[in-house]
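Participant: mind looking at a prediction? Sequence and model below.
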Amino acid sequence: MEFQITEGRVFSLNEQQEVLSEATYSLVRDGIVDINHTYVNPALRGQGIAGELMEALASELRKQGLKATASCSYANVWLERHRAANADIIA
């Protein structure tokens, strides 16, 4: 799946420009963002897309030199499960 990146958002769209997956984040203080929302279209759930989405988001945060917290329950669990690989972006 190809993800697009805009300020505060990593997402993918289908041919009709409908959101298939999305993760949003906002700056909470200098250099730290809160991942506040993740979404995967119900028809695509269970295929690992949410994990791919979080990997893309983690990569983007690294590029920007940001660290993250997560008020989104999925993102919080994902960061905890992948703490070793993502220690550099976890606030």
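Facilitator: Perfect, thanks for sending it.

Participant: correct me if wrong: Gly8 contacts Val28.
Facilitator: No - taking contacts as C-beta atoms under 8 Å, Gly8 lies outside contact range of Val28: 11.6 Å. Using the backbone N, CA and C atoms, a C-beta is placed for each residue, glycine as well.

Participant: just the helices in this structure please.
Facilitator: Using DSSP state H, the helices found in the chain span residues 49-64, 73-81, 83-86.

Participant: what's around Gly65, how many residues?
Facilitator: 9 (other C-beta atoms under 10 Å).

Participant: Arg62 too?
Facilitator: There are 13 residues near Arg62, going by other C-beta under 10 Å.

Participant: and it, what does it touch?
Facilitator: By C-beta atoms under 8 Å, 6 or more residues apart in numbering, the contact set of Arg62 is 88-89.

Participant: local confidence estimate at it?
Facilitator: We have a pLDDT of 98 for Arg62.

Participant: any stretches of the protein with poor pLDDT?
Facilitator: For the chain, applying pLDDT under 70 flags no range at all.

Participant: please pick out the residue of the chain most distant from its centre.
Facilitator: Gln16 (22.3 Å; C-alpha atoms, centre = their mean).

Participant: how close does that residue get to Asn41?
Facilitator: Using C-beta to C-beta, to the nearest Å, Gln16 is found at 12 Å from Asn41.

Participant: ok so, going back, quick check: which of the helices of the chain is nearest to Val33?
Facilitator: helix 49-64 (7.0 Å; C-beta to C-beta).

Participant: quick one, what contacts the closest residue to Lys67 other than its chain neighbours?
Facilitator: Spatial nearest neighbour of Lys67, excluding adjacent residues (C-beta to C-beta, 6 or more residues apart in numbering): Ala91 at 4.0 Å. Contacts for Ala91 (C-beta under 8 Å, 6+ apart) come out as 32, 67-69.

Participant: go on, Ile49?
Facilitator: Neighbours of Ile49 in contact, by C-beta under 8 Å, 6+ apart: 1, 20-21, 40.

Participant: Leu13 now?
Facilitator: Here Leu13 is in contact with 4, 19-20 (C-beta under 8 Å, 6+ apart).

Participant: would you mind finding the longest strand in this structure?
Facilitator: strand 19-29 (DSSP state E).
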